[in-house]
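Here is a sequence with its predicted model. Questions after.
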Amino acid sequence: MSLLIINIKELLQVRDTNVLKISGSEMRVLPTIKNAYLLIEDDTIVEYGNMEELINIEADEVIDATGKIVLPTWCDSHTHIVYAGHREQEFVDRINGLSYEDIAKRGGGILNSAEKLQNTSEEALYQQSIKRVRQVMKLGTGAIEIKSGYGLTVDAELKMLRVIKRIKRDFPIKVKATFLGAHALPKTYKKDKEAYLDLIINEMLPQIEKEALAHYIDVFCEKGYFDLKDTERILSAGKKYGLIPKIHVNQFNAFGGVAIGVKHNALSVDHLEELNNDDINALKGSNTMPVALPSCSYFLSIPYTPARQIIDAGLPLALASDYNPGSTPSGNMNFVVSTACIKMKMTPEEAINAATINGAYAMGISNSYGSITRGKKANIIITKAIPSYNFLPYAFGENHIDSVLINGILI
Ligand SMILES: N=CN[C@@H](CCC(=O)O)C(=O)O
Ligand SMILES: [Zn+2]
């Protein structure tokens, strides 16, 4: 089955060579072809170019994209999209003056979601989660990382990971699973953190390996959650089971977690709302992708990750949604891209690079996702007719997407 998209006003993120990530000043460059065509065979991008070069190409189906922009789907490298229930009462509590920290201290926050999830069946959790998966696909997300971490018992963590595995099997979107058992300390282990770490290492990890439930291992490295020593212990144990580190770090405090992530060759270090020069220096020359989550900063009214400082230091940056019930009840990557431009002073080119190819890198899939490259998966956004690609982040809050193709098929 072949599909030809013609008369594309502008085709974005066209990369002839298969670059895996974009860093520093290169992020300002978004290669495009104006008045373009794109040819897809089954689930793969096979050819593209200027309309004037389009001769003798026949296809089973043709889409006329006059006035429309075409780009690769968003690669959302950080989500907690599998969760039970919601936390809108905490949202109201914060409006009334409590902080995220205050709410966590009185047993709300992650522990609130964990209790809800523990009392939800695997089937009900799957049904709640797939509504959100369908929603983000319609919003242009074509690849997604999903974390556990709202289980916090052996059974509930495995339940979450099995739901993620089922989503991976049932949906065309690319899914990568991350084990985040060290997301918060459950109430029953309040006085014995080591015992909970032992549970993660001795009981959760072996079962996760046995059922092949995760690719990545994550830790919430933060004051009041897991410290540097705990983080190292969990990452080292995860690596023994073949899991690659990705950490939550510097959300509220900078105390050396970024360097620990780099030391363990983390694929990404995520949040970074607080960042100092030591963190920047640790990232220089590493293979670790810094990931910013602007919707979380927006929702919690905490600082935005200093994108300019990161990119101007020559580093790459990825953007992700952080979709979760507590700090970011939204998986809309279009809003993420807009907010990165509006609040973090990223140019539209930088933001689109960060949400496509660099997002793909942050989930280890940039050799087959994240750009318009021959041989890559045909995961494509076709916008409505809009004046230019700058209009995407500019006219925020509006849905500019006309259609989405995943694996070459209109969803
Ligand atoms: N910061 C840690 N974890 C999630 C939020 C967890 C929650 O509040 O439920 C995050 O990435 O923002
Ligand atoms: Zn998160």
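Noted; the coordinates are in hand. This is a predicted model, so every value here is computed, not measured. Ligands and ions are numbered 1, 2, ... in the order given.

Every contact and neighbour count from this point should use C-alpha atoms.
Noted.

Next to ligand 1, which bits of the stretch 201-350 of the chain? Give me the list.
Counting by C-alpha under 6 Å from any ligand atom, the stretch 201-350 of the chain comes close to ligand 1 at 220, 322, 324-327.

in those, which two residues are the furthest apart from each other?
220 and 325 (16.0 Å; C-alpha to C-alpha).

Identify the residues contacting the residue of the chain found nearest ligand 1.
For the chain, the residue positioned closest to ligand 1 under C-alpha to the nearest ligand atom is residue 326, at a distance of 3.6 Å. For residue 326, the contacting residues are 86-87, 90-91, 109-110, by C-alpha atoms under 8 Å, 6 or more residues apart in numbering.

Tell me the secondary structure at the residue of the chain most remote from its centre.
When distances are taken from the C-alpha mean of the chain, residue 56 lies farthest, 39.4 Å away, according to C-alpha atoms, centre = their mean. Residue 56 carries the three-state label coil when classified by DSSP: H, G, I helix; E, B strand; the rest coil.

Repeat that for residue 363.
Here residue 363 is recorded as coil under three-state DSSP.

pretty sure it contacts residue 266?
No: the criterion here is C-alpha atoms under 8 Å, and residue 363 misses it with residue 266 at 10.9 Å.

isn't there a helix covering residue 359?
Yes: counting by three-state DSSP, residue 359 is found in a helix.

Quick one: residues in contact with the least confident helix or strand in the chain by mean pLDDT.
Within the chain, no helix or strand scores below helix 100-105, which has a mean of 88 by mean pLDDT, DSSP states H and E. Contact with helix 100-105 is made by 90, 94, 109-111, 300, as judged by C-alpha under 8 Å, 6+ apart.

Out of those residues, which two sit at the greatest distance?
Of all pairs in the contacts of helix 100-105, the most separated under C-alpha to C-alpha is 111 and 300 at 17.6 Å.

Between these two, tell me which one has more neighbours.
residue 111 (22 against 17; other C-alpha atoms under 10 Å).

Which strands and helices lie in contact with the helix or strand hosting the more buried one?
For residue 111, the enclosing helix or strand under DSSP states H and E is helix 110-118. If contacts are counted by 3 or more C-alpha pairs under 8 Å, 6 or more residues apart in numbering; DSSP states H and E, helix 110-118 sits against no helix or strand.

How far off centre is it?
Centroid separation between helix 110-118 and its chain, computed with C-alpha atoms, centre = their mean, to the nearest Å, is 22 Å.

Can you identify the element that follows that helix toward the C-terminus?
helix 122-138.

For that next one, which residues meet the burial criterion?
122, 125-126, 128-130, 132-133, 136-138 (16 or more other C-alpha atoms under 10 Å).

Understood, closing this out.
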